[in-house]
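A.B. asks: Sequence plus predicted model, see below.
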Amino acid sequence: MDADARSDVLVLVPALNEEETVAAVVTGARSWLNCDVLVINDGSSDRTTEEALSAGAMGIQHPVNLGVGAAI
């Protein structure tokens, strides 16, 4: 997908300390679904946001862990 193009589909991915796997999830979703991905970093203490962004996701970050339901 073109970096400036936007999809009609948005995949939400809540994440907590997932720096080792989040890039693969983002890459897989973008390639299989041809969609945009928003990673919601739910208070991680690692590089989850940086890894998600480098894989092409958009990202937001909560300052503390809210839990999956509240994060989304």
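C.D. replies: Looks like it came in fine.
A.B. asks: what comes up buried for the helix or strand Gly69 falls within?
C.D. replies: Here Gly69, judged by DSSP states H and E, is contained in helix 68-71. Buried residues in helix 68-71, counted by 16 or more other Cβ atoms under 10 Å: Ala71. The C-beta positions use only the backbone N, C-alpha and C, and glycine is treated the same way.
A.B. asks: Report all helices and strands that it contacts.
C.D. replies: strand 36-42 (3 or more Cβ pairs under 8 Å, 6 or more residues apart in numbering; DSSP states H and E).
A.B. asks: one more time with 7 Å
C.D. replies: Contacts defined by 3 or more Cβ pairs under 7 Å, 6 or more residues apart in numbering; DSSP states H and E place helix 68-71 against no helix or strand at all.
A.B. asks: how far out from the middle of the chain is that helix?
C.D. replies: Offset of helix 68-71 from its chain centre (Cα atoms, centre = their mean, to the nearest Å): 14 Å.
A.B. asks: model confidence over that helix, on average?
C.D. replies: Mean pLDDT, helix 68-71: 90.
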